[in-house]
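*Asks:* need the 3D shape of this:
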Amino acid sequence: MDGVPEPHTGWTFLTNHARVLAAIADNHNARIRDIAAHCRLTERAVQKIIADLEQEGYLSHTREGRTNTYRIDPAKVLRHPAESGLAVASLLSLLAHDEADRTATSDADGRHHATA
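*Replies:* Sure thing, here's the model as predicted:
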């Protein structure tokens, strides 16, 4: 089916909520379609995740014409007790970065290299 990303098999370190939040941090005007493609999720899944994040106060949006502009609350504390006291800004500082940074750290095969 067109528009449905290829599913990922196996486990990952991040939740889909963290991936969507990081994608929005990279581009506050990103379209749901673009976020879905980047995160390898369906548009419907991204809409649900954005609704979850807005409901809990991690994210808000304003409508500008046909475009949504998202705002992340960087001071909001992560939900899990194991990360108590850790703010969203700390998580995003590890996950979110400019596309230019991604391109600069990618080799010809399209793999990303860790930068520290």
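*Asks:* drop to CA atoms for contacts and neighbour counts, all remaining ones
*Replies:* OK.
*Asks:* and the contacts of stretch 9-28?
*Replies:* Residues from elsewhere that reach stretch 9-28 (CA atoms under 8 Å, 6 or more residues apart in numbering): 30, 35, 38-39, 46, 49-50, 53, 69-72, 92, 95-99.
*Asks:* run the last query once more with 10 Å
*Replies:* 30-32, 34-36, 38-41, 45-50, 52-53, 58-59, 61, 68-72, 88-89, 91-99 (CA atoms under 10 Å, 6 or more residues apart in numbering).
*Asks:* so which of those residues are in strands?
*Replies:* Filtering the contacts of stretch 9-28 for membership in strands, criterion DSSP state E, returns 59, 61, 68-72.
*Asks:* which SS class is the residue most central in space within the chain?
*Replies:* Among the residues of the chain, the one closest to the centroid is residue 20, at 2.5 Å (CA atoms, centre = their mean). Here residue 20 is recorded as helix under DSSP: H, G, I helix; E, B strand; the rest coil.
*Asks:* can you check residue 28 too?
*Replies:* Assigned with three-state DSSP, residue 28 falls in the coil class.
*Asks:* number the residues from 57 up from this point.
*Replies:* Noted, 57 is the first residue going forward, which turns the last one into residue 84.
*Asks:* tally of neighbours for it?
*Replies:* Residue 84: 16 surrounding residues under other CA atoms under 10 Å.
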